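A.B. asks: whatever this is, show me its structure:
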Amino acid sequence: MGITWNYMALLDFLFGKPLATSEERAEHIGVAAGIPIFGLDGLTSAAYGPEAAMTLLIPLGIGGVMYGWKIIAAILCLLAIVYFSYRQTIAAYPGGGGSYTVASENLGDGPGLLAAAALMIDYILTAAVGISAGVTALTSTPIGQRLQPHTLLICVAILVLLAIVNMRGVRDTGAAFMAPTFLFVGSLLLMIAVGFWKAAHAGWHPVAMAALPPPPMKLVGTLGLWMLIRAFSSGCAAMTGVEAVSNGVMAFREPRTRNAQRTLTVIIGILMVLLFGISYLAKLYQIMPMDPDASHFQSLLSMLVMAVFGPGWIYYVTMGSVLLALALSANTAFADFPRLTRAIAGKDYLPHVFIVRGRRLLFSHGIYALTGFTAVILIAARGKTDFLIPLYAIGAFMAFTLSQAGMVMHWHHEAEHPGRRWHMFVNGFGAVATGITTVVVLVAKFKDGAWITALLIPLLILIMMGVKRHYARVARETEDPTPLRLTGLEPPIIVIPMSRWDKITEKAMRFGMLMGDDIRVLHVDADDADALGCVWEQMVLKPIRDSGWKTEPKLVTLKSQYRTILRPIVQYVFDLEEQYPGRKIAVILPELVVRHWWENALHNQRAQLMKLVLLLKGNQRIVVVNIPWYL
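C.D. replies: Alright, predicted model coming up:
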C-alpha cells in the first residue's frame, strides 16, 4: 500500500493531479497562452531560418550577405500568403482544421493520408530541430563551447523535460513557457531596435561592438540560379509551425475562432519582424554565417547579438533567452502531434490508443510516441541541426499545399457563402505558391537528405493503410447483428495444468469445480517422480468422495521424454479440442503474483508463456482463465 501511495504521489508531483472530464473547460487557453504553446516553433525559426539560407551562400564570401535578406524578403511574401489562407481555414473549421482534416474531408482519403504522413514527420523533425538548435545556441557562446562534446546528452535531457511538462496539461504548459517566450521575443526585438538605431546614427554603416570572426573568403564570383534555389529552400525552414494554430483551435476558450485568429496574427506579425530584422541587420553589419564544422563555431545570431550589444551581460541574457526558447520550441510539436494522431486514429488509420485521454485530459500516447521518435532522430543526427535541416520543411509545405487545395474545394461546395470566390482565390493562390515551393524544396534538398523524407512519407502511408485494413477486418469478423443465441450451450471441458498440490493449485481446482463437471488435471511427469500422483488420492479424491460431490476430476499424467513442460500440455489441449469439436475448452492457469516486480525473475513464467501460445495458436473454442495467488 505504501509503495502504491508513493508511486501515485510521484505521478502527481511530476504530471499534476488527475483531472475529471468536467474540468476540461478550465484547461482552455487564451491568446497569451496560445502564443507559447502554438507559436514558439514558428517564432524561434527566426533564430535559424536566415542562417539556414545564408549558409549556402558562404561561397560568395561577404557578397552573400547582400542576397540573404532578399531571400528572406521572398520568404516573407510567401509567409503572408500562408497567413491569410490559414485565417480562412480557422474560420471554416472551428473544430480544428489541420491539413489532415481539411484534405481528407475535401480531397479524399488518399490526399488526407499524404497530409497526415507529411505532418507527422514534420512534427517529429520540428521537435528535433528545435531542441538541437537550442543546444547549438548554447554551445556557440564563448562559455558554452566547452559543452560541445555533450551536445547529444543535453538534447535528450531537454526532450525528457519537455515531455514531462507537456504531460501536465495545456494550461500548465502555457504558463510554464510564457515567460521564456516573451523574454526571447523581447530580447530579439530590442536587439533589432538597437541595431537599426545604431545603424541610422552611423549613416547605415555601423561598426560592430566586438571583434567578430573574419568573413569567409570568396570562392565564386556570381550567384547562380541553383545556389539561389537551394538558399531559398533552406530558408523556408523559417515557415514551419504556421499550421499549429489551425490544428489546435479546440484548445482555445470561446470565442474559439476569434482567439485562434488573433493568436495566429500575433505569431505571424512578430515572426515577420524578426526574420526581416535579423537578415537586414546581418547585411548592415556585414555578418555571414560560419561553416558549421569550423572550430569555435558561432551561430549567425550569436555574432549579430555580439555586434549590436558587445560581449556584456545583455549578450548572455539574449543568447540565454534564445537557448531557452529554441529548446522549448519543440513544444509546438508536443501540442499538435497528439491532436493529429488522435484525428487519424479516429478514422482507424492509427492504433485506437491514440484516442484515449490520459490523467490530465491529454492524448498522452501521442506524447509518448513523439518523445520516442524524436529521441531516435536526435541520436541518429548526434544532435546536430545542420544534419536535420535538409530533412525539414518538406512535410510542412506539402501539408500547406494539401490544406489550401482542400480549402478551395471547401469553398467550391459552399455555394451560399458570401465572398466564396474571394476565399477560393486566396486559398487557391496559397496552394499554388506553397505547391511550387514544395517542389523547389524537394528538388533542392533531395541529395542533401530530403530523399529520406520522400521515402518515409509513402512508407508511413502504407503503414496507416495496413492499420485501417486490420480494423476493417476486425469489424467484419466481430459484427453480430443477430440476437443472443441460446442453443448449443454446453459446459466446457476444464483443463488445469498442475505441477504439485499446494494452495495455489487448490484455488484453481475449486474455481474449476464451480465451472463444470468435466475436469482434466494435467501433470507432466518429466523426472518419473510422479509428485502429484502420489498425493492425488488423499488430497483430492478422498475429500470429494467424503463430501458426496457429483463428479470426480480426472488426473492425466503426461510423460515428457525431453523434459519439456509446455509442449505436452499445449498438444493435449489441441487434441482435446479436435476430439470434441462442439465444446469449448477452458484452460485454467494457476499463477503466483509476487509483491515486487524484480521477484518475477525468481520464478518461472510458464503460465504466461502457456497463455501466449494458446492465444496465438488456439481458436475461438479455447478459453484461457488466469487464477492468481497473491503473496
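
A.B. asks: so Glu552 belongs to a helix, correct?
C.D. replies: No: Glu552 sits outside any helix when classified using DSSP: H, G, I helix; E, B strand; the rest coil, being coil.

A.B. asks: which residue comes closest to it once chain neighbours are left out?
C.D. replies: Leaving aside its sequence neighbours, Glu552 sits nearest to Ile544 (Cβ to Cβ, 6 or more residues apart in numbering; 5.6 Å). C-betas here are computed from N, CA, C, even on glycine.

A.B. asks: and that neighbour, what element?
C.D. replies: Secondary structure from DSSP states H and E places Ile544 in helix 542-547.

A.B. asks: which element follows that helix toward the C-terminus?
C.D. replies: Remark: after helix 542-547, the chain's next helix or strand is strand 554-559, criterion DSSP H and E.

A.B. asks: give me the sheet partners of that next one and which way each runs.
C.D. replies: Strand pairing for strand 554-559, determined by DSSP bridges: strand 519-525 (parallel).

A.B. asks: quick one: Ser584 and Val623 touch, right?
C.D. replies: One thing to correct before we go on: residue 584 is Lys, not Ser. Yes: using Cβ atoms under 8 Å, Lys584 is in contact with Val623, at 5.9 Å.

A.B. asks: shared neighbours, the two?
C.D. replies: Among the neighbours of Lys584, those also in contact with Val623 (Cβ atoms under 8 Å, 6 or more residues apart in numbering) are Pro492.

A.B. asks: which of the two has more neighbours?
C.D. replies: A direct count of neighbours by other Cβ atoms under 10 Å for Lys584 and Val623 places Lys584 higher, at 18 against 15.

A.B. asks: count of neighbours near the closest residue in space to the more buried one that isn't next to it in sequence?
C.D. replies: Nearest non-adjacent residue to Lys584, counting by Cβ to Cβ, 6+ apart: Pro492, 4.1 Å away. Neighbourhood size, Pro492 [other Cβ under 10 Å]: 19.

A.B. asks: separation between Pro492 and Val625?
C.D. replies: Using Cβ to Cβ, to the nearest Å, Pro492 is found at 10 Å from Val625.

A.B. asks: shared neighbours, these two?
C.D. replies: Shared contacts of Pro492 and Val625, counting by Cβ under 8 Å, 6+ apart, come down to Ala586.

A.B. asks: tell me where the stretch 451-600 of the chain has helices.
C.D. replies: In the stretch 451-600 of the chain, the helices defined using DSSP state H, counting those that start in this stretch lie at 451-478, 503-515, 533-536, 542-547, 566-579.

A.B. asks: a markdown table for the ones you listed, including distance to Leu555 and mean pLDDT?
C.D. replies: Converted to a markdown table, the helices of the stretch 451-600 of the chain look like this (distance: least, Cβ to Cβ, whole Å; pLDDT from 0 to 100):
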| stretch | distance to Leu555 | mean pLDDT |
| --- | --- | --- |
| helix 451-478 | 38 | 88 |
| helix 503-515 | 11 | 89 |
| helix 533-536 | 5 | 86 |
| helix 542-547 | 12 | 89 |
| helix 566-579 | 13 | 86 |
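
A.B. asks: for those helices, which one sits closest to Trp226?
C.D. replies: Closest of those to Trp226 is helix 451-478, at 17.5 Å (criterion: Cβ to Cβ).

A.B. asks: and that closest one, how far from the chain's centre?
C.D. replies: 17 Å (Cα atoms, centre = their mean, to the nearest Å).

A.B. asks: what comes up buried for it?
C.D. replies: Thr453, Leu456, Ile457, Leu460, Ile461, Met464, Val467, Lys468, Tyr471 (16 or more other Cβ atoms under 10 Å).

A.B. asks: give the other helices and strands that that helix contacts.
C.D. replies: Secondary-structure packing of helix 451-478 (3 or more Cβ pairs under 8 Å, 6 or more residues apart in numbering; DSSP states H and E): helix 109-139, helix 394-413.

A.B. asks: again, only using 6 Å
C.D. replies: Packing contacts for helix 451-478, counted by 3 or more Cβ pairs under 6 Å, 6 or more residues apart in numbering; DSSP states H and E, involve helix 109-139.

A.B. asks: show me what the helix or strand that the helix it packs on is followed by is packed against.
C.D. replies: Going down the chain from helix 109-139, the next helix or strand is helix 151-166, by DSSP H and E. Packed against helix 151-166 by the contact rule (3+ Cβ pairs under 6 Å, 6+ apart) you find helix 109-139, helix 170-201, helix 364-381.

A.B. asks: just want the angle from the last one to helix 109-139.
C.D. replies: Interaxial angle of helix 364-381 relative to helix 109-139 (axes from the mean of the first three to the mean of the last three Cα atoms, to 10 degrees): 60 degrees.

A.B. asks: what distance separates helix 364-381 from the middle of the whole chain?
C.D. replies: In terms of Cα atoms, centre = their mean, the centre of helix 364-381 is found 6 Å from the chain centre.

A.B. asks: what sits up against it?
C.D. replies: 124, 127-128, 155, 159, 163, 166, 337-338, 341, 353-354, 358, 387-388 (Cβ atoms under 6 Å, 6 or more residues apart in numbering).

A.B. asks: just the buried ones out of those, please.
C.D. replies: Among the contacts of helix 364-381, those buried by neighbour count (16+ other Cβ under 10 Å) are 124, 127-128, 155, 159, 163, 166, 337-338, 341, 354, 358, 387-388.

A.B. asks: and which of the residues you listed is nearest Phe232?
C.D. replies: Leu388 (18.4 Å).

A.B. asks: for the stretch 1-150 of the chain, which spans come out with low pLDDT?
C.D. replies: Applying pLDDT under 70 to the stretch 1-150 of the chain flags residues 1-27, 59-64, 96-97, 137, 140-144.

A.B. asks: helices of that one, start to end?
C.D. replies: Ranges of helices in the stretch 1-150 of the chain, per DSSP H, counting those that start in this stretch, are 2-15, 31-44, 49-55, 65-92, 99-107, 109-139.

A.B. asks: do you know which of the ones you listed lies nearest His417?
C.D. replies: The nearest among the helices of the stretch 1-150 of the chain, by Cβ to Cβ, is helix 65-92 at 9.0 Å.

A.B. asks: contacting residues around Thr341?
C.D. replies: By Cβ under 6 Å, 6+ apart, the contact list for Thr341 reads Leu350, Phe354, Gly366.

A.B. asks: what's the closest of the residues you listed to Glu243?
C.D. replies: Checking those one by one against Glu243 (Cβ to Cβ), the nearest turns out to be Gly366, at 15.9 Å.

A.B. asks: isn't Ser279 right up against Pro50?
C.D. replies: Yes: under the criterion of Cβ atoms under 6 Å, Ser279 makes contact with Pro50 at 4.5 Å.

A.B. asks: which one's more surrounded, these two?
C.D. replies: Comparing Ser279 with Pro50 by neighbour count (other Cβ under 10 Å), the higher total belongs to Pro50, at 32 against 28.

A.B. asks: could I get the contacting residues of that one?
C.D. replies: Ile72, Ile278, Ser279.

A.B. asks: make CSV from those and add distance to Gly269 to it.
C.D. replies: Below are the contacts of Pro50 laid out as CSV (distance: Cβ to Cβ, whole Å):
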residue, distance to Gly269
Ile72, 16
Ile278, 15
Ser279, 17
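
A.B. asks: tell me how far the closest residue to Gly186 other than its chain neighbours lies from Leu138.
C.D. replies: Nearest residue to Gly186, sequence neighbours excluded (Cβ to Cβ, 6+ apart): Ser321, at 7.9 Å. Using Cβ to Cβ, Ser321 is found at 12 Å from Leu138.
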